[in-house]
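Novice: Got a sequence here, can you build the structure:
(one chain, ligands or ions: 1)
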Amino acid sequence: MNEYKISLMPGDGIGPELTEATLKILDVVQENFDVNLNIVYAEAGDAVLKKRGAALPEDSLKTIRESHACLKGPVGETAADVIVKLRLLFDLYANVRPLKAFPNVPVARPDIDMIFVRENTEDVYKGLEYSIGNDVTVCLRVITRQNCERIAKRAFETAKLRQKKKVTAIHKANVMRITDGLFKRVCQETAKNYPDIQYNEMYVDAATMHLIRTPQEFDVLCTCNMFGDILSDEAAQLIGGLGMAPGANIGDNFALFEPIHGSAPDIAGKQLANPLSMILSAKMMLHWLGERFNDLKCLKAAEGIEKATIQTLINGTTVPDIGGKASTLQMAQAIAAALKN
Ligand code: ATP
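Specialist: From the prediction side, this is the model:
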């Protein structure tokens, strides 16, 4: 039987509560689905910076390097020192964010089912900012053909496995003619290799509007780094908020799974957080492990988590954020119980 070493980073704010909740699910995955997970803690974030002087200490990096996949809670102010660094170090070029309406959750429409495939390593988030004197500042936007090709290919490959089979490339090539011009060109070139996938383009400002007006029409949204970051937070509000939004950072040889939201300090320690963002990230991790190592047990566990989640939501055991009264841990325990059955 395969053993998967998983580096687990609880993070800051609501991170430790979400982690405790998610471990309840992973316990059942190990016991009932015969998936062997060797979970090793890798600490990182604000609290670690305070305690040890580094937000991402060397020993944590070593643990992550030696693992098959990483599951991470949100970190606070040091997010850029942790996640941005990890994305670059492990070349996790695709940020995949599925956003779909679950039953019994306040959603804009029940037929929303979209997935962001967002470039994860360049654009204005590369951090190339400069001051020229006191009053002029500059931020460089880096867009490369290699990364456009990788993200466009990943978007079309994702669409191939979905029902709607549609890719929408989002850009602002009418204004940023060179950088988004390249992104747009590469998306169009890639589309030619996928004649069975419907392809269209949208300017980013129009996309923000269409996400509110006709969210059900989107399937796979292919974006550069910053637009994808902003649009996916907006889209999460259509399906019950950030607590419903899991994410994956995927490279060719490694992947890291984490909720799309931050550490939510306003609700930390109160057992109010929606654990689904991290439980569904763990589900994505099992699915990725299943595909990568050709392991049916992992794929079944991933499917089981989704079914148990739906059952729990239908039964009405939900946190206040999505209209219920349960605590973070109670909701996780209910999903764990449903998964056992
Ligand atoms: P950070 O500075 O770490 O990015 P933030 O509070 O500025 O944190 P987010 O953590 O991304 O930003 O979240 C914004 C708000 O969304 C939070 O203040 C919180 O009220 C809500 N939120 C985020 N995640 C969850 C969750 N899992 N469950 C319930 N509410 C959440």
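
Novice: doesn't Asn294 make contact with Asn2?
Specialist: No - counting by Cβ atoms under 8 Å, Asn2 does not reach Asn294; the two are 9.5 Å apart. Quick note: C-beta positions are derived from backbone N, CA and C, even for glycine.

Novice: and for stretch 286-305, what are the contacting residues?
Specialist: For stretch 286-305, the surrounding residues in contact (Cβ atoms under 8 Å, 6 or more residues apart in numbering) are 2, 4, 25, 29, 33-35, 68-69, 248, 250, 255, 257, 279-280, 282-284, 335, 339.

Novice: Contact residues of the stretch 51-200 of the chain facing the ligand?
Specialist: Pro74, Gly76 (Cβ under 6 Å from any ligand atom).

Novice: where along the stretch 51-200 of the chain do the helices fall?
Specialist: According to DSSP state H, counting those that start in this stretch, the stretch 51-200 of the chain carries its helices in the segments 58-65, 79, 85-89, 145-160, 179-192.

Novice: possible to save the ones you listed as TSV with mean neighbour count?
Specialist: Formatted as TSV, those follow (neighbours: other Cβ atoms under 10 Å):
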stretch	mean neighbour count
helix 58-65	16
helix 79	19
helix 85-89	17
helix 145-160	20
helix 179-192	19
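
Novice: TSV please, covering these and showing mean pLDDT.
Specialist: Putting the helices of the stretch 51-200 of the chain into TSV (pLDDT from 0 to 100) gives the following:
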stretch	mean pLDDT
helix 58-65	97
helix 79	93
helix 85-89	93
helix 145-160	98
helix 179-192	98
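
Novice: These into CSV, with extra columns for distance to Arg97?
Specialist: Shown next, in CSV, are the helices of the stretch 51-200 of the chain (distance: least, Cβ to Cβ, whole Å):
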stretch, distance to Arg97
helix 58-65, 21
helix 79, 16
helix 85-89, 14
helix 145-160, 11
helix 179-192, 18
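
Novice: And those: which comes nearest Pro110?
Specialist: Across the helices of the stretch 51-200 of the chain, Pro110 has its closest neighbour in helix 145-160 (21.6 Å, Cβ to Cβ).

Novice: For the chain, which residue gets nearest to the ligand?
Specialist: The ligand sits closest to Gly262 of the chain, with a gap of 2.1 Å, by Cβ to the nearest ligand atom.

Novice: and that residue, how many residues sit next to it?
Specialist: 18 (other Cβ atoms under 10 Å).

Novice: and stretch 311-327, which residues are buried?
Specialist: Residues of stretch 311-327 classed as buried by neighbour count (16 or more other Cβ atoms under 10 Å): Gln311, Thr312, Leu313, Thr317, Thr318, Val319, Asp321, Ile322, Gly324, Ala326, Ser327.

Novice: which of the residues you listed lies closest to Ser131?
Specialist: Closest to Ser131, out of all of these and judged by Cβ to Cβ, is Asp321, at 40.2 Å.
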